[in-house]
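J.: Just a sequence and a predicted model for now, questions to come.
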Amino acid sequence: MNRRAIVAANWKMNGSLALVNSMVSELNNVTLNENVEVVVCPSFPYLAAFSLASANANLAEAFSLGAQNLNEHAKGAFTGEISTSMLQEVGVSYVILGHSERRSIYNESSSLVAHKVKTALDAGLKPILCIGESEDERVAEKTETVLAAQLQPVIDEIGIERFTDVVIAYEPVWAIGTGKTASPEMAQATHQFIREFIAKVDENVAVKLPLLYGGSVNATNCEELFAQADIDGGLIGGASLKADEFKVICSAAKG
Ligand code: PGA
């Protein structure tokens, strides 16, 4: 079956208004394959500007805006935090949740990530749920146990049916920002494990679930990664900040 493919740009704490404007005009002339969606996730201060620039440039419907995090509460005394309604008001439709940098640097537990996924879905935002193992866990052959432990709390919190609105990004922590990409075979084997894990709960949901690979994806390795049966696009960090490279990656995705 043809699943939709997604290429998501995670700008992390990088970028500027100048990058917002130049990226929107560059993306306006990228050619996408059928059934491919591109989601750009700049930092909070640039979301509104990205929305406005996309509207002014008449950017195609295949391009969406995503945030990199949200707060699990609807509103209130949470200084420095951002709610779902604020994100939606500026045109956000996706949100990256559970990124390994949030898990490791800001101590976000899998249960907090699960709450955030529920908050996003309840508001009508589509979560890009990130999971992945560290290098030590990979070496100790604990990858599958770790991924299962990151997925199960989300399944328990939202129920498997709601995974139809979730995108999963598998990002081996040792491949993020390091230039060490998982080989296409290794990435495929892990993606297959994730899909089978979901299929054990609900086969129909698993078949339709977009599974993105992330970790040092670039213009050179994207084609081979995206050719794998269970890889439905990518979550792109460093290479998403360079329009020329990001455009190659977007065009390589196939739905
Ligand atoms: P990278 O980051 O492409 O720079 O490795 C990916 C990510 O962290 O989402």
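T.: Done, it's in. Nothing here was measured: the structure is a model prediction, and the numbers come from that model.
J.: Only C-alpha atoms from now on, for both contacts and neighbour counts.
T.: Will do.
J.: any idea how far A120 is from the ligand?
T.: As judged by Cα to the nearest ligand atom, to the nearest Å, A120 and the ligand stand 19 Å apart.
J.: Run a quick neighbour tally on that residue.
T.: Using other Cα atoms under 10 Å, the number of residues around A120 comes to 26.
J.: How about the contacts made by it?
T.: Contact analysis of A120 by Cα atoms under 8 Å, 6 or more residues apart in numbering lists E72, T84, V95, K126, P127.
J.: What ranges does this structure have for its strands?
T.: Per DSSP state E, the chain carries strands over the ranges 5-10, 36-41, 63-67, 94-97, 126-131, 167-170, 211-214, 233-236.
J.: The stretch 51-200 of the chain against the ligand: which residues are in contact?
T.: By the rule Cα under 6 Å from any ligand atom, the part of the stretch 51-200 of the chain lying against the ligand is A175, I176, G177.
J.: Selecting buried members of those in PyMOL, what would you type?
T.: Buried members of these, defined by 16 or more other Cα atoms under 10 Å, are picked up in PyMOL with:
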select buried, resi 175+176+177
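J.: Any chance of a PyMOL selection covering the buried ones in the contacts of A120?
T.: For the buried members of the contacts of A120, the matching PyMOL selection, counting by 16+ other Cα under 10 Å, is:
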select buried, resi 72+84+95+126+127
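J.: and of the contacts of A120, the nearest to the ligand?
T.: Using Cα to the nearest ligand atom, V95 comes nearest to the ligand of those, at 12.3 Å.
J.: residue contacts, the closest one?
T.: By Cα under 8 Å, 6+ apart, the residues touching V95 are C41, G66, A67, Q68, N69, L70, A120, L125, K126, P127, I128.
J.: can I assume L47 is in contact with L65?
T.: Yes: because the distance of 7.4 Å satisfies Cα atoms under 8 Å, L47 is recorded as touching L65.
J.: Could you tell me which residues touch both of those two?
T.: With Cα under 8 Å, 6+ apart as the test, L47 and L65 both reach C41, G91, V92.
J.: in the sheet, who's paired with the first one?
T.: This means C41. Bridge pairing for C41 (DSSP bridges) gives the partners N10.
J.: Tell me how many other residues surround the closest residue to V113 other than its chain neighbours.
T.: Leaving aside its sequence neighbours, V113 sits nearest to G98 (Cα to Cα, 6 or more residues apart in numbering; 5.5 Å). Other residues within reach of G98 by the criterion other Cα under 10 Å amount to 28.
J.: From E223, how far out is the closest residue to L32 other than its chain neighbours?
T.: Closest residue to L32 apart from its sequence neighbours, by Cα to Cα, 6+ apart: S251 at 5.0 Å. Computed as Cα to Cα, to the nearest Å, the S251 to E223 distance reads 9 Å.
J.: hmm, back to that, now the two most distant members of the contacts of A120.
T.: Maximum pairwise distance among the contacts of A120 (Cα to Cα): 14.1 Å, between E72 and K126.
J.: For the closest residue to P42 other than its chain neighbours, give me its contacts.
T.: The shortest distance from P42 to any non-neighbouring residue, by Cα to Cα, 6+ apart, is to W11 (5.2 Å). Shown here is W11, whose contacts under the criterion Cα under 8 Å, 6+ apart are V40, C41, P42, S43, G237, G238, S240, L241.
J.: Okay, the nearest residue to L97 once chain neighbours are set aside and G215: tell me how far apart.
T.: What sits nearest to L97 in space, not counting adjacent residues and going by Cα to Cα, 6+ apart, is L129, at 5.0 Å. From L129 across to G215, the span is 14 Å (Cα to Cα).
J.: Kindly report the same for G76.
T.: According to Cα to Cα, G76 and G215 sit 35 Å apart.
J.: what's the neighbour count on H73?
T.: 15.
J.: Quick check on it: phi, psi?
T.: phi -100, psi 160 (degrees, to the nearest 10).
J.: I'd assumed K118 was in contact with it.
T.: No: here H73 lies out of contact with K118, judged by Cα under 8 Å, at a distance of 10.5 Å.
J.: got a list of what V205 touches?
T.: I160, E161, F163, T164, I198, A199.
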